[in-house]
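Colleague: Build me a model:
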Amino acid sequence: MSSKPIGIFDSGVGGLTVMAAIKKLLPNESLIYFGDTARVPYGNRCADTILKYTEECTSFLAEKGVKVIVIACNTASAHVFPYLQHKFHFPLLGVIEPGVEAALSASQSKKIGVIGTRATIASDVYAKQLKKRDAATKTVSIACPLFVPLVEEDWLENEVTHAVAKHYLSELAQDNVDTVVLGCTHYPLLKNVIGKVLGSKVVLIDSAEAVALSLKNLLKEKNLLAPLEESHQKKKHQIYVTDLSDRFETIVKRFLKEDIPSVGRVTF
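Modeller: Okay, here's the model as predicted:
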């Protein structure tokens, strides 16, 4: 058992979808969220830059005394997760494997689409993991680099967003995929638009819930769940970012659907 907090890292605010899922499934846990909002998105960066940024942010959470870190950034999970596991001597959990497992469970035709940042798609990590688990799987991977800034600007369902989604997702519709992995934590906020473009028969996989379940299992396995005697106490959650805009509170409320915890700004 451990009363230490859980760390959650993303390149921006998209990982707050993961934070919300963890809060719901593990209400006794304290959470520290770190969003590298000054340098988002990671998806258009080279591998060396992604590694440098991710290592800095993971080190910050480690210094906060967390017991585990969830790498809620698909780009970081795809590119540097093995390196982070080797460097840091405490449990880490990425978002790739939970999303893969959920997609395989949902798909009937084994035709699965993956959408993500340029870096995540270029890594081909989802396609490789899907094929590794089921050789019959056919994967269609599409980079959607404009989705992150559209979410950050709160352009969730306007005509511009719909036009961008239609442009990006036309290939998925042509290939008749029955399941699509939202391979970036920002993308769940575009579910309505993505769903309209692809049609109601296509299952959209938001890995946040799958990540939360994997985290619960990991904490059980490592005997790191928060003590039950603390369950009556209100858990303290914290948020840290590298850039704090005037619109930040509005954006966070959109993700968490509640009042936000204390927010601190960090510079490297």
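Colleague: list the helices and strands the helix or strand of the chain with the lowest mean pLDDT packs on?
Modeller: Every helix and strand of the chain was ranked by mean pLDDT, DSSP states H and E. The lowest is helix 248-256, at a mean of 81. Under the contact definition 3 or more C-beta pairs under 8 Å, 6 or more residues apart in numbering; DSSP states H and E, helix 248-256 sits against helix 16-25, strand 262-265. To be clear about C-beta, it is placed using only N, CA and C from the backbone, and glycine gets the same treatment.
Colleague: okay if I get those as TSV plus mean pLDDT, mean neighbour count and distance to Thr49?
Modeller: What follows is the helices and strands packed on helix 248-256, written out as TSV (pLDDT from 0 to 100; neighbours: other C-beta atoms under 10 Å; distance: least, C-beta to C-beta, whole Å):
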stretch	mean pLDDT	mean neighbour count	distance to Thr49
helix 16-25	92	22	23
strand 262-265	89	12	21
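Colleague: wait, which of the ones you listed is closest to Leu228?
Modeller: Nearest to Leu228, of all those, is helix 16-25, at 15.5 Å by C-beta to C-beta.
Colleague: contacting residues around Asp243?
Modeller: Thr37, Ala38, Arg265 (C-beta atoms under 8 Å, 6 or more residues apart in numbering).
Colleague: where's the closest residue to Leu25 other than its chain neighbours, which helix or strand?
Modeller: Nearest residue to Leu25, sequence neighbours excluded (C-beta to C-beta, 6 or more residues apart in numbering): Ala212, at 4.3 Å. Using DSSP states H and E, Ala212 sits in helix 207-221.
Colleague: ok, residues contacting that helix?
Modeller: Defining contact as C-beta under 8 Å, 6+ apart, one finds that helix 207-221 is touched by 6, 17-18, 20-22, 24-26, 67-68, 70, 72, 91, 93, 95, 97-99, 101-102, 181-182, 185, 188, 224-225.
Colleague: Just the residues you listed: which are in strands?
Modeller: Taking DSSP state E as the definition of strands, the contacts of helix 207-221 contribute Ile6, Val68, Val70, Leu93, Val181, Leu182.
Colleague: Enumerate the beta-bridge partners assigned to the closest residue to Lys23 other than its chain neighbours.
Modeller: Closest residue in space to Lys23, ignoring its immediate chain neighbours: Leu31 at 6.6 Å, by C-beta to C-beta, 6+ apart. Counting by DSSP bridges, Leu31 forms beta bridges with Ile6.
Colleague: so Leu31 touches Ala20, yeah?
Modeller: No: at 10.0 Å, Leu31 does not count as touching Ala20 under the criterion of C-beta atoms under 8 Å.
Colleague: ok, His89 to Ser3 distance?
Modeller: Here the criterion is C-beta to C-beta, to the nearest Å. By it, His89 lies 20 Å from Ser3.
Colleague: Looking at these two, which has the bigger crowd around it?
Modeller: Per other C-beta atoms under 10 Å, whichever of His89 and Ser3 has more neighbours is Ser3, with 16 against 7.
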